[in-house]
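Peer 1: Predicted coordinates and the sequence they were generated for:
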Amino acid sequence: MTTATVSPLPADLLSSRKPAPFSLARRTIMTPVLLSLLILAIAGLTVLSGSKPFNQAVIDVFVRVTLVVGLYIFIGNSGVLSFGHIGFTCMGAYAAAWLTINPIMKKSALPGLPQWLLETRLPYWQSAFLAALFAGVAALVFGRVLMRLSGIAASIATFAMLAMINTIYSNWEDVTGATSSVVGIPIVRTIWPYVGAAIISIFIAWGHAISRAGLALRAARDEPTAAAASGVDIPRARLVAFTISGAVMGLGGALMAHSIGVVTPDTFYLGLTFITLSMLVVGGMGSLSGAVIGVVLLSALIQALRWLEAGVAIGSTTFGLPKGLQEIALGVIMIVILALRPAGLIGNREITSFRRSSRKQSSQQ
Amino acid sequence: MLQIVFDGLSLGSLYALGALGIALIFGVMRLVNFAHGDVIAFCIFALLWPSTDAMAVVFAGQLPWYLLVPLVLVVGAGLSVLCEILVFRRFRRASPATMMIASFALGFVIRYFLLMLFTSRPKSISLLPMLSQPVEIFGARLPLLQLITIVATVVILIGLSLFLRRTRFGLEMRAAAENFSMARMLGVRANRVIMGAFALSGALAGAIALIFGSQTGTADIQMGASIMLMAFIATVIGGLGSLAGAVLAGFLLGGASVVMQVVLPVDARPFRDAFVYGAVILILLFRPQGLIAARGTKERV
């Protein structure tokens, strides 16, 4: 049914005449649609199975899809490896906690919050939206400074940003509860909000990728000098992607808070940073399909290993009996995949429907 | 006052040694090695007998120091070379991002291997206990260990720079760091140089493990991570691939941490690291290529 093809963009640049309105959108829409169908299919299977632990595991997968797609929006399009995005997830999660915890509990646990925030209590979807907005604004502010850098200096600066956010959140006693966990976040157990968020983030990523800023950014990723010479304002294009991806990461953070009900600063630190980055790189850093498929495959692998290890359902994240074997196997498998396919499983291609791809290939020749 | 200077110097020594270990490998193969921190942890656990008790059963730690120190260094170098042969050799042509993630995955494997044998609980160990006695210098009371840390770092740095400048192998390594393909064409053996860099870097990890282990008196699986983060940042601030820059930036970061601890008002002290990282971003903004830019790292168009 489906096959992977080369990205349609080069053909686009070759043609001299002005393309029809929305032609790019029409030719690439299959990718987000197919990925959404994949998400919906997984969700449908989960609902049919009716198993509670499986439901929770799939919710985790969808949260990670949102996070990794958020990473892809910046990293995939700009080619700059960012270690800092989980910082925005942290901000989003805490913002969701501030907005949704019962005011009575909030007064005793987090007395340092401003009065209006102490009294508000929103439904989870409103808080998730505001959390995304908050993280997006934070990304805009940080991005104004960081996007002037490029290459490895930018990566390290984002790393420093992550460490900075983590230090602040794990020490600001009366606003974030320092390193102790913030409890009382309403837990959402139905799967559909997470499905919705994953699909929304996929479409946001697609919309950004075919927008003017997204195209300019990918041009700058592949040929920075030529792009700059053609009038691409690279820091600006990067800032747009950074802000959008920051907002998506914030959304993912809010969902993560609602899926587990507890937030601590160290949930959103190096561990999560590396697992999400690994999923992106293993799937294929330069492709939206790679981001989604990387998450689904690696998550399935982690689950399978956990079941093999424990013999029972999930929940072996804390101390189990032969603890560690699962992680070792995961690391080894990741190294093998990367050694065999250095560009990731999908590489730079995208999934589209078979018929369209054959026509595209003929038009290129 | 003198106390602050020595605190800064000894913390800076750790960061500098860590940064050097990363910069050596980055120089020859453009790999940012995230597994380095786990190599550090492995070195310290190599001295312990596998057990799940909180009090560690030290089996090699009882050795006299003149055997203990070389043993740890050899363990570090051996593990590091093993990583190169088993894993990184397959990634010579991969992109930096892929290599970085592979090194992270490798670190993950090492960390959970340790976790399987020793559990994640920190263990108290007494490594070289005679070093914790205080000594008096210029009216300041310092732990002997701090002094030894600084002296050992200086000795290591001098030794390393002599090695890199005076020996043939050092020359080959510097040539490879500057322009790897050109060096190969001129007859430098790639595998030998890269393995040498990994061995040196692993030995440095062993040195850090010894110093850190005897400073804190605990062996913790996570112990490499905190040093690594700073060392990693120091490598970039110093100018990736530049060894002198890495050392300088390591000491700078150590000094900055200690000075901020003293200078900041009490309320802001828990946020010390946030200020240090903020300073890092500022430095990068003004000198994105690092304090001492290495030759050959700038991309040509």
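Peer 2: Perfect, thanks for sending it. Numbering: from 1, shown residues only, chains lettered A, B, ... in the order given.

Peer 1: So what's the predicted local confidence for residue 91?
Peer 2: Because you didn't say which chain, this covers chain A. Reading off the per-residue confidence, residue A:91 sits at a pLDDT of 95.

Peer 1: wrong one, I was asking about chain B
Peer 2: According to the prediction, residue B:91 has pLDDT 87.

Peer 1: Repeat that for residue A:351.
Peer 2: As summarised for this prediction, residue A:351 has a pLDDT of 77.

Peer 1: so how far is stretch B:75-89 off the chain centroid?
Peer 2: With CA atoms, centre = their mean, to the nearest Å as the basis, the distance from the averaged C-alpha position of stretch B:75-89 to the chain average is 16 Å.

Peer 1: That stretch near chain A anywhere?
Peer 2: Yes. Residues of stretch B:75-89 are located near chain A by CB under 8 Å from any CB of the partner chain, namely residue B:87. All C-beta atoms are positioned from the backbone trio N, CA, C, and that covers glycine.

Peer 1: Now that stretch: buried residues?
Peer 2: B:75, B:76, B:77, B:78, B:79, B:80, B:81, B:83, B:84, B:87, B:88 (16 or more other CB atoms under 10 Å in any protein chain shown).

Peer 1: where does residue A:352 land in three-state SS?
Peer 2: Taken by DSSP: H, G, I helix; E, B strand; the rest coil, the conformation at residue A:352 corresponds to strand.

Peer 1: what bridges to it?
Peer 2: For residue A:352, the beta-bridge partners are residue A:3 (DSSP bridges).

Peer 1: coming back round to it: pLDDT and secondary structure for the buried residues of stretch B:75-89 - can I get that in JSON lines?
Peer 2: Conversion of those to JSON lines gives the following (pLDDT from 0 to 100; DSSP: H, G, I helix; E, B strand; the rest coil):
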{"residue": "B:75", "pLDDT": "89", "secondary structure": "helix"}
{"residue": "B:76", "pLDDT": "91", "secondary structure": "helix"}
{"residue": "B:77", "pLDDT": "93", "secondary structure": "helix"}
{"residue": "B:78", "pLDDT": "93", "secondary structure": "helix"}
{"residue": "B:79", "pLDDT": "93", "secondary structure": "helix"}
{"residue": "B:80", "pLDDT": "93", "secondary structure": "helix"}
{"residue": "B:81", "pLDDT": "93", "secondary structure": "helix"}
{"residue": "B:83", "pLDDT": "92", "secondary structure": "helix"}
{"residue": "B:84", "pLDDT": "91", "secondary structure": "helix"}
{"residue": "B:87", "pLDDT": "89", "secondary structure": "coil"}
{"residue": "B:88", "pLDDT": "89", "secondary structure": "helix"}
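
Peer 1: From the residues you listed, pick the one nearest residue B:246.
Peer 2: residue B:80 (16.9 Å; CB to CB).

Peer 1: For the closest one, which residues are in contact?
Peer 2: B:39, B:198, B:199, B:201, B:202, B:203, B:205 (CB atoms under 8 Å, 6 or more residues apart in numbering or on different chains).

Peer 1: residue ranges with poor pLDDT in the stretch 151-300 of chain B?
Peer 2: With pLDDT under 70 as the threshold, the stretch 151-300 of chain B has low-confidence stretches at B:293-300.

Peer 1: At the contact with chain A, which residues of it appear?
Peer 2: Proximity of the stretch 151-300 of chain B to chain A is confined to B:225, B:229, B:232-233, B:236-237, B:240, B:270-274, B:277-278, B:280-281, B:284-285, B:288-290 under the rule CB under 8 Å from any CB.

Peer 1: circling back: now tabulate the contacts of residue B:80 in TSV and tack on secondary structure, distance to residue A:193 and neighbour count.
Peer 2: Converted to TSV, those look like this (DSSP: H, G, I helix; E, B strand; the rest coil; distance: CB to CB, whole Å; neighbours: other CB atoms under 10 Å in any protein chain shown):
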residue	secondary structure	distance to residue A:193	neighbour count
B:39	helix	43	30
B:198	helix	48	27
B:199	helix	52	19
B:201	helix	47	28
B:202	helix	48	30
B:203	helix	52	23
B:205	helix	45	35
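
Peer 1: ok, back up a step: return the members of the residues of the stretch 151-300 of chain B next to chain A classed as buried.
Peer 2: If you count burial by 16+ other CB under 10 Å, the buried members of those come out as B:225, B:229, B:232-233, B:236-237, B:240, B:270-274, B:277, B:280-281, B:284, B:288-290.

Peer 1: Among those residues, which ones are in helices?
Peer 2: When DSSP state H defines the helices, the subset of these inside them is B:225, B:229, B:232-233, B:236-237, B:272-274, B:277, B:280-281, B:284.

Peer 1: and of the residues you listed, the nearest to residue A:148?
Peer 2: The shortest distance between residue A:148 and any of these, using CB to CB, involves residue B:284 and amounts to 9.3 Å.

Peer 1: Secondary structure element holding residue 244?
Peer 2: Assuming you mean chain A. Secondary-structure assignment from DSSP states H and E places residue A:244 in helix A:234-260.

Peer 1: oops, chain B please
Peer 2: The secondary structure element spanning residue B:244 is helix B:243-263 (assigned by DSSP H and E).

Peer 1: in that helix, what's buried?
Peer 2: Across helix B:243-263, burial judged by 16+ other CB under 10 Å covers B:243-261.

Peer 1: what does stretch A:123-138 give?
Peer 2: Going by neighbour count (16+ other CB under 10 Å), the buried part of stretch A:123-138 is A:124, A:127, A:128, A:129, A:130, A:131, A:132, A:134, A:135, A:136, A:138.

Peer 1: Convert the C-alpha atoms of it to CSV, please.
Peer 2: These are the backbone C-alpha positions of stretch A:123-138, laid out as CSV (Å, rounded to 0.1, in the frame of the first residue of the first chain):
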residue,chain,number,x,y,z
PRO,A,123,-10.3,21.9,32.5
TYR,A,124,-7.3,20.0,31.2
TRP,A,125,-7.6,21.0,27.5
GLN,A,126,-7.7,24.7,28.3
SER,A,127,-4.7,24.3,30.5
ALA,A,128,-2.9,22.3,27.9
PHE,A,129,-3.4,25.0,25.4
LEU,A,130,-2.2,27.7,27.8
ALA,A,131,0.8,25.5,28.7
ALA,A,132,1.7,25.2,25.0
LEU,A,133,1.4,29.0,24.7
PHE,A,134,3.6,29.5,27.7
ALA,A,135,6.3,27.2,26.5
GLY,A,136,6.1,28.8,23.0
VAL,A,137,6.6,32.3,24.5
ALA,A,138,9.5,30.9,26.6
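
Peer 1: quick one: average pLDDT of it?
Peer 2: The predicted model gives stretch A:123-138 an average pLDDT of 93.

Peer 1: ditto for stretch B:108-121
Peer 2: Within the predicted structure, the mean pLDDT of stretch B:108-121 is 83.
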